[in-house]
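>>> What follows is a predicted structure for the sequence shown.
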Amino acid sequence: MGFYKKVREFFWPILEPLEERPFTILNKEDLTVEDDNLDTCYDLTMKYYDSENDRKKTIESKSTIFVSAIGFVIAILLSMATGLLLNPNIKLYFLTSFSFIMWVVIVLYYCRAVWFSIRALERQEYHTIGHSDYMKGDADYRKKLIIGIVNKTRKNSLTINLKVDNMVMAQEYFKRGVVAVIIYALIAGGYGLLFMTNWNFNWFQNTILAILKTYWFPILNSVVLLVNIVLYVMLRKENIKS
């Protein structure tokens, strides 16, 4: 990987297309299990099918949380930016210009995260077990049933892997958005303390007390805490297996 590509991946990762692999349909001749072990083979096949279904549900659940939580954050940032733009008393000092630039960067990262989350939720080809799979009389009934389920599960795995890739990209852009927020907070906060305050301790103390007494402060803290708890719980769930 060249230097340019490394830099691009650091700031703006791109989902690389998957290598196309030929999909081979299994036939009953490929099932060499002895008849005495067909019941065990069937149980393991159903566990395989159920595990892929659970993986799909986990991905879609995380994607839904990402869309709702990050969408809320984007709405707040856009509201703040609109308020500044419509304020006639705002002058384009360093802090104001820097804030606009960082908000644009943060919103772009979060929008990309939402975009990939939505792509993970898109309806794609998915195969389920229906009555036509088991309501057939045949001498090799169990073998054909097992092979049919295995083929459907293998096809589903390809679809689920695409969802996993999109969810991974959503997480990557979300992490970059979080880093951008931290950088913005450190620089804006440091600049404000160094150049926009007179280091009057009483003024600083009174400002903090005034903020703590406002009606919106506990509401804002509760919302931020709730969003962080939801995202933390989501990311601490079992890892997605590709």
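Thanks, I have the structure now.
>>> Would you mind listing where the chain has pLDDT under the threshold?
Along the chain, the parts satisfying pLDDT under 70 run over 1, 16-21, 81, 83-93, 132-133, 135, 137, 139, 192-225, 227-242.
>>> switch to 80 and redo it
Judged by pLDDT under 80, the chain has its weakly predicted residues at 1-5, 8, 15-23, 71-97, 99-100, 126-128, 130-140, 188-242.
>>> Show me the strands in it, by range?
Taking DSSP state E as the criterion, the chain contains no strands.
>>> report the longest helix in it, please.
With DSSP state H applied, the helix covering the greatest number of residues in the chain is identified as helix 141-195.
>>> Just the CA trace of stretch 145-157, in CSV.
In CSV, the C-alpha atoms belonging to stretch 145-157 read as follows (Å, rounded to 0.1, in the frame of the first residue of the first chain):
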residue,chain,number,x,y,z
LEU,A,145,-33.1,-31.6,2.8
ILE,A,146,-29.7,-31.1,4.4
ILE,A,147,-28.0,-30.2,1.2
GLY,A,148,-30.8,-27.7,0.4
ILE,A,149,-30.4,-26.0,3.7
VAL,A,150,-26.6,-25.9,3.4
ASN,A,151,-26.8,-24.3,-0.1
LYS,A,152,-29.3,-21.6,1.1
THR,A,153,-27.1,-20.9,4.2
ARG,A,154,-24.0,-20.5,2.1
LYS,A,155,-25.8,-18.1,-0.3
ASN,A,156,-27.0,-16.1,2.8
SER,A,157,-23.5,-15.9,4.1
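>>> ok, residues contacting it?
The contact list for stretch 145-157 (CB atoms under 8 Å, 6 or more residues apart in numbering) reads 23, 25-28, 30-31, 38, 41-42, 45-46, 48-49, 52-53, 56, 125-129, 133-134. C-betas here are computed from N, CA, C, even on glycine.
>>> Ile183 versus the residue nearest to Val181 when sequence neighbours are not counted, what's the distance?
Leaving out its chain neighbours, the residue that sits closest to Val181 by CB to CB, 6 or more residues apart in numbering is Ile106, at 5.9 Å. For Ile106, the distance to Ile183 equals 10 Å [CB to CB, to the nearest Å].
>>> And those two? Which one has more around it.
When Ile106 is set against Ile183 and neighbours are counted by other CB atoms under 10 Å, the residue ahead is Ile106, at 21 against 13.
>>> Do I have it right that that one meets Leu77?
Yes: distance between Ile106 and Leu77: 6.3 Å, which falls inside the contact criterion (CB atoms under 8 Å).
>>> Tally up the residues packed near the residue lying closest to Leu78 once chain neighbours are set aside, please.
Here the nearest residue to Leu78 in space, its sequence neighbours aside, is Val107; by CB to CB, 6+ apart that works out to 6.9 Å. As a burial measure, the neighbour count of Val107 was computed by other CB under 10 Å and equals 17.
>>> and Val107, how far is that from Ile147?
For Val107, the distance to Ile147 (CB to CB) stands at 50 Å.
>>> Ok, Val114 next?
Note on Val114: its distance to Ile147, by CB to CB, is 40 Å.
>>> what's the answer for Phe10, then?
As for Phe10, its distance to Ile147 is 46 Å (criterion: CB to CB).
>>> Which of these two has more residues huddled nearby?
When Phe10 and Ile147 are compared on other CB under 10 Å, the one with more neighbours turns out to be Ile147, at 19 against 9.
>>> okay but Val181 is in contact with Val107, surely?
No: applying CB under 8 Å as the test, Val181 and Val107 come out as separate, 10.9 Å apart.
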